[in-house]
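Engineer: only the shape, not the letters, is given here:
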């Protein structure tokens, strides 16, 4: 079955710094999705990343804070900029590989901001 | 928020017992999906039920859907300790999956 690799798996970051999370899919996909999961909470969609166009952000998320790249059909990055402790979360990338809008997820990147 | 709600928020049972969790959603749907998440890791897709289906089975999983009540339930029969996880329902909103609040299931050996 298709695999999505995410890195880093976890990191501890200082306030005010930025971190880029990478997501690699082992097959070509049209859309990739970035979610945030705050401690003990459900998943919230940050943005949808399409190859060749600007990412589409959900309400409450802006490009300056969460810039996304999508250089090809198998790869995407999410940057968490100017981090604060409130950004401590698990960030998950996903893609619809098997169709029917069923998502396959990466293992997540657990960020702790001090 | 369009996010669905699940209940209970947490459920503790003994191995061998059945676990039922419920999901309510707010918008019209094409399908409803259930996912499992172990220990804050990535989610794994369990089962999908289409809007024109009322019940679906997969192994020890049984999902029902009532579109008139905008609700779904997930039943796990003969639970095992390995079923300990968080379970989320998800509904499709245009091209985006919106996840429910989740149920944390603890199965004691």
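Structural biologist: Alright, I've got the coordinates. Remember, predicted model here, so these are calculated numbers, not experimental data. Numbering: from 1, shown residues only, chains lettered A, B, ... in the order given.
Engineer: buried sites along stretch A:88-101?
Structural biologist: Judged by neighbour count using 16 or more other CB atoms under 10 Å in any protein chain shown, the buried positions of stretch A:88-101 are A:88-97, A:101. Backbone N, C-alpha and C define where each C-beta goes, glycine included.
Engineer: where does the prediction get shaky in chain A?
Structural biologist: Applying pLDDT under 70 to chain A flags the ranges A:1-2.
Engineer: likewise for chain B?
Structural biologist: Filtered on pLDDT under 70, chain B yields the residue ranges B:1-3.
Engineer: taking it, what residue is nearest to chain A?
Structural biologist: Relative to chain A, the nearest point of chain B is residue B:42 (3.7 Å; CB to the nearest CB).
Engineer: how close does the nearest residue to that residue once chain neighbours are set aside sit to residue A:44?
Structural biologist: Nearest non-adjacent residue to residue B:42, counting by CB to CB, 6 or more residues apart in numbering or on different chains: residue A:105, 3.7 Å away. Distance of residue A:105 to residue A:44, given as CB to CB, to the nearest Å: 14 Å.
Engineer: neighbour count: these two, which is higher?
Structural biologist: Comparing residue A:105 with residue A:44 by other CB atoms under 10 Å in any protein chain shown, the one with more neighbours is residue A:105, at 22 against 18.
Engineer: show me what that one is bridged to.
Structural biologist: Counting by DSSP bridges, residue A:105 forms beta bridges with residue A:94.
Engineer: surely it meets residue B:43?
Structural biologist: Yes. Assessed by CB atoms under 8 Å, residue A:105 is found in contact with residue B:43 at 4.7 Å.
Engineer: give the residues shared as contacts by these two.
Structural biologist: Common neighbours of residue A:105 and residue B:43, counting by CB atoms under 8 Å, 6 or more residues apart in numbering or on different chains, are A:92, A:94.
Engineer: one step back: which residues sit in contact with the residue of chain B closest to chain A?
Structural biologist: A:4, A:6, A:92, A:94, A:105-108.
Engineer: of those, closest to chain B?
Structural biologist: residue A:105 (3.7 Å).
Engineer: list the contacts of the closest one.
Structural biologist: A:4, A:92-94, B:42-44.
Engineer: and if we set it to 7 Å?
Structural biologist: By CB atoms under 7 Å, 6 or more residues apart in numbering or on different chains, the residues touching residue A:105 are A:4, A:92, A:94, B:42-43.
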